[in-house]
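Trainee: here is my input; please provide its structure:
(one chain, ligands or ions: 1)
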Amino acid sequence: MSTITTEQMRFWSPEVRELEPYVPGEQPKIQNLLKLNTNENPYPPSPKVVEAVQKVLANAADVLRLYPDPDASELKQAIAKQQKVAIDHVFVGNGSDEVLAHIFKAFFIQELPLLYPDITYSFYPVYSQFFGVKTKILPLNDNFEIVPDDYKQLNGGIIITNPNAPTSIALGLSAIEEILQANPDSVVVIDEAYVDFGAESAVNLVEKYDNLVVCQTTSKSRSLAGLRVGFAIAQPHLIAALEAVKNSFNSYPMDRFAIAAAVASFEDQAYFEAQNQKVIASREQLVAQLSELGFKILPSSANFIFASLPTKDAAELATELRARGIIVRYFNKPRIDQYLRITIGTDEQNQRLVDTLKNDILV
Ligand SMILES: *Cc1c(COP(=O)(O)O)cnc(C)c1O
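Mentor: Numbering: from 1, shown residues only. As a prediction, the model looks like this:
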């Protein structure tokens with residue numbers, strides 16, 4: 001983007017001049033690139049998803065002229081069935097990032113501060129600034145774990161990524177229940193973007209806690225990052241707040257392709273489960289191989305690992321991998337500037353990473 005001068009900025013709303021937007025992981029167009037930087041799934045979505053898209057395409061001349069269902073009820077129904085909840089417990093959005101934005105607007109603009117860990121999804125501070133949400137940041141412990149006792153103080157809401165990102169560490173359901181019970185008067189959001197890779201979902205707690213919102217996405221475990229479908233599960237009085245925000249912003253966030261394709265994904269549970277098992281098995285193998293090379297790796301329940309090499313600067317290592325066509329995510333931030341976040345690829349892709357490190361970089 002070209003540089004905008006202060007003079008040109010006079011047209012901008014004053015608060016927009018102050019925004020510090022989220023910076024997504026890069027999507028470079030380099031040949032033979034091994035992209036292990038944005039936690040995309042290395043496998044294609046279910047063939048049923050592709051069929052469903054082709055079906056919409058075949059009827060494109062008829063249907064694209066018409067608005068989609070503003071409520072996306074077919075999609076909500078498919079999610080309700082897969083998650084074993086009633087349809088009035090489901091909210092859908094254009095990616096879970098949009099669902100999270102609506103969550104911040106619907107619940108967190110309070111007198112008291114929103115609580116979240118110092119190391120977590122970096123969109124939370126961005127939304128907090130965007131919506132004017134007060135925050136109180138609570139450090140993870142020395143093992144990069146969330147300490148439930150820290151979340152037993154006055155607050156205007158709590159948001160926790162589980163498994164956490166970029167640490168990959170999962171928090172058990174008993175700890176989550178402890179936090180829910182200590183906060184009967186504030187909304188507790190569990191962002192489960194990576195839950196399908198080995199953590200326990202809090203969806204089963206939704207009926208028991210009237211202050212719980214669970215947020216998930218099709219981007220990672222369903223290989224649909226390009227489709228933009230996320231959802232939240234909560235009791236109807238919380239869903240109603242999200243619907244009110246959504247219908248004050250964009251009544252038709254889910255297009256016809258997104259609805260049809262995501263429905264097909266939720267209906268093909270067998271494909272989804274088999275694919276997740278493959279990613280988990282590849283993760284365990286990669287952890288073993290990298291440990292042998294001297295890496296320290298946090299215990300992962302996600303489709304990525306968070307790894308450091310005591311003998312080498314992490315930023316340098318990321319640069320050297322990049323020079324060899326492998327990109328991983330490096331965060332130049334306090335406490336984590338000696339770690340790399342590495343997305344789990346196929347076994348062949350992971351092997352290329354290991355071989356490059358072993359034969360080329362760490363010799
Ligand atoms: C990827 C991710 C999201 C966003 O997912 P989309 O549905 O693609 O918008 C939300 N939260 C966390 C923690 C993520 O890693």
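
Trainee: please report how far Pro45 lies from Val90.
Mentor: 20 Å (Cβ to Cβ, to the nearest Å). Placement of C-beta: from N, CA and C, glycine included.

Trainee: now do Lys81
Mentor: Taking Cβ to Cβ, one finds Lys81 at 10 Å from Val90.

Trainee: which one's more surrounded, these two?
Mentor: Val90 (23 against 14; other Cβ atoms under 10 Å).

Trainee: didn't that one look like it was pressed against Phe231?
Mentor: Yes - under the criterion of Cβ atoms under 8 Å, Val90 makes contact with Phe231 at 6.1 Å.

Trainee: which parts of this structure sit against the ligand?
Mentor: Residues of the chain lying close to the ligand by Cβ under 6 Å from any ligand atom are Gly95, Ser96, Asp97, Tyr121, Thr161, Ala165, Asp191, Ala193, Thr217, Ser219, Ala225, Gly230.

Trainee: report the beta-bridge partner residues of the fifth one.
Mentor: Right, the one you point to is Thr161. For Thr161, the beta-bridge partners are Asp191 (DSSP bridges).

Trainee: which ones are touching the residue in the stretch 251-363 of the chain positioned nearest to the ligand?
Mentor: Taking Cβ to the nearest ligand atom, the ligand has its nearest neighbour within the stretch 251-363 of the chain at Ala302, 8.5 Å off. With Cβ atoms under 8 Å, 6 or more residues apart in numbering as the criterion, the residues that contact Ala302 are Asn39, Pro163, Ala165, Ser168, Ala170, Tyr194, Phe197, Gly198, Ala199.

Trainee: return the member of these nearest to Pro148.
Mentor: Checking those against Pro148 with Cβ to Cβ, the nearest one is Ala170 at 13.4 Å.

Trainee: ok, now how distant is that closest one from the ligand?
Mentor: For Ala170, the distance to the ligand (Cβ to the nearest ligand atom, to the nearest Å) stands at 13 Å.

Trainee: count the neighbours of that residue for me.
Mentor: Using other Cβ under 10 Å, Ala170 has 23 neighbouring residues.

Trainee: in three-state terms, label the residue nearest to Tyr124 when sequence neighbours are not counted for me.
Mentor: Nearest-residue entry for Tyr124: Tyr116, 5.4 Å, with adjacent residues in sequence omitted and distances by Cβ to Cβ, 6 or more residues apart in numbering. With DSSP: H, G, I helix; E, B strand; the rest coil as the basis, Tyr116 sits in strand.
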